[in-house]
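Participant: Requesting a structural model of the entry that follows:
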Amino acid sequence: MKKRTFIKLSSVMMAGTVLTPLVDFAQNEKLTNWAGNFNYGSQTLMHVSSVPEAAELVKRFDRLKVLGTRHCFNHIADSHDRFLTLSNLNRVIAVDELQRTVTVQSGIRYGELAVALQIKGLALHNLASLPHISVAGGCITASHGSGVHNANLSSAVKALQLITAKGDIVTFSRDSESFGGAVVNLGGLGVVTQLTLAVQPTYQISQYVFENLPIAALERHFDEIMGAGYSVSLFTDWRDGNIGEVWIKSKPGEGHAFAGQPEFFGATAATRDLHPIRGISPENCTPQLGVPGPWYERLPHFKMGFMPSAGKELQTEYFVPREHSFAAIRAVQQLHEKISPHLQITEIRCIDADDCWMSPCYRQPSTTIHFTWQPDWPAVSRLLPLIEAQLAPWHARPHWGKLFTTPHRRLAALYKRMPDFQRLLREYDPKGKWRNDFLNNVIFGV
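Facilitator: Numbering: from 1, shown residues only. Here you go, the predicted model:
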């Protein structure tokens, strides 16, 4: 059987879920996502060099999807027809130091924007683990960094411009009635061409790592541990009852002074730079050991110029309300014998609430439990329903751009604004130009 035939048949068999059939990781002529686990349904990728050029293509075709930096692990951005990429639209348009905003073209990556802001003495409130993702892609999928007082990346958006299905250019600002649905739009509203983001004065971050934190310490001290720095990540493989590594990204002069601190709630200070996954060289990771540096060189876990994470992998992530953090962690730990053999690492982080309708953190401070899996799709596909059932009592919401099996009916119960979001998509795209299997199955339940 040809590979493309297998993918199409598998997609039909698994309709109604976001299970993505795993294919080989060979980087050949096929258009794949970053990790190589997903072959896109079309090989037609159209580049543009201006917004008017993009608008003309939108008017020309009945079916179209925008493809960004390809960091999603499921078919949220897939198309069986053709793709449009705005990777050439990657400039900073304007910096308003008085209003503390920056306006950018949507194809710019966070790592590129960060350098441009630093030159102006400015910064974003947060960054994701990877600086490689595009600003538009990160915002419309509710991607996030970490920090109990830091909301996700989309919370920085003050306004966005997009091309509608008719080819018109419209702008949504914070005073727009539908702004909360327009920002995290999952690629269903139009071609985002421009975003205006809130910025702040630049700042320094020092990164400290501690090893072997007993999971039991989280029961009584979860808020203290996760609030110990500007951004905190816990890494575990669930094997020995410990959090293998605690990464604390701290603003010098604020909060705890970790320099020279040998212990942290039972964990011991690392004496060398570490990678989140044991046994992998930390050379691609951002500097640790408390050496201060610009915010954009410390908030991501991985350097812009290097291969992020481990490379060949699958990813899953679930958001639970902050107040249920430890119960949810314990629930996952009960599955450790099934999870650990197929896992590279789990990362646990906190994110503050926001007002985006389809954000997993909509009006809900959250804790995320993230799984970086071995590239074994058959095994992972069996584990996801078990994890989702285990987390169901705590109303876990999946990350839109990662692998999950949560069906539409469950998601509709978890997202109270989903009917409003459906109406918004129908209003701006009545003929379904931006629709694909993901939007049809997951958002509309068809």
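Participant: what domains does the record give for this structure?
Facilitator: What automatic domain parsing lists as the domains of the chain is 92-201, 204-408.
Participant: Does G167 touch E53 like I think?
Facilitator: No. Using Cβ atoms under 8 Å, G167 makes no contact with E53, being 11.4 Å away. To be clear about C-beta, it is placed using only N, CA and C from the backbone, and glycine gets the same treatment.
Participant: separation between H275 and Q200?
Facilitator: 30 Å (Cβ to Cβ, to the nearest Å).
Participant: Oh, that last question was meant for P398, not what I typed.
Facilitator: 30 Å.
Participant: cool, G290 as well?
Facilitator: When G290 is compared with Q200 (using Cβ to Cβ), they lie 23 Å apart.
Participant: Now do the phi/psi pair for P131.
Facilitator: Main-chain torsions, P131, degrees, to the nearest 10: phi -80, psi 0.
Participant: swap that for P419, please
Facilitator: According to degrees, to the nearest 10, P419 has phi -60, psi -40.
Participant: Report how many residues lie close to it.
Facilitator: 11 (other Cβ atoms under 10 Å).
Participant: same thing with the one 3 residues further on?
Facilitator: Other residues lying near Q422 total 17 when counted by other Cβ under 10 Å.
Participant: what's the spacing between the helix or strand containing P385 and its chain's center?
Facilitator: Using DSSP states H and E, P385 sits in helix 377-391. Distance, stretch centre to chain centre, for helix 377-391: 20 Å (Cα atoms, centre = their mean, to the nearest Å).
Participant: what sits against Y230?
Facilitator: G147, N150, I205, K249, S250, K251, E254, G255 (Cβ atoms under 8 Å, 6 or more residues apart in numbering).
Participant: Selecting buried members of the residues you listed in PyMOL, what would you type?
Facilitator: In PyMOL, this line selects whichever of those come out buried by 16 or more other Cβ atoms under 10 Å:
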select buried, resi 147+150+205+249+250+251
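Participant: any idea which of the contacts of Y230 is closest to L425?
Facilitator: Of all these, L425 sits closest to N150, with 28.5 Å by Cβ to Cβ.
Participant: residues touching S176, list them.
Facilitator: Neighbours of S176 in contact, by Cβ under 8 Å, 6+ apart: A182.
Participant: so how far is L122 from it?
Facilitator: Counting by Cβ to Cβ, the gap from S176 to L122 is 25 Å.
Participant: now do P407
Facilitator: Using Cβ to Cβ, we find P407 at a distance of 43 Å from L122.
Participant: what about the two, which has more around it?
Facilitator: Each of P407 and L122 has its neighbours counted (other Cβ under 10 Å); L122 has more, 18 against 15.
Participant: Would you confirm that the more buried one contacts Q200?
Facilitator: Yes. In this structure, L122 is within contact of Q200 by Cβ under 8 Å, at 6.9 Å.
Participant: what do the two both touch?
Facilitator: Shared contacts of L122 and Q200 (Cβ under 8 Å, 6+ apart): R100.
Participant: how about low-confidence regions in the stretch 1-150 of the chain?
Facilitator: For the stretch 1-150 of the chain, the stretches flagged by pLDDT under 70 are 1-29.
Participant: now with 80?
Facilitator: Within the stretch 1-150 of the chain, the ranges that satisfy pLDDT under 80 run 1-29, 129-130.
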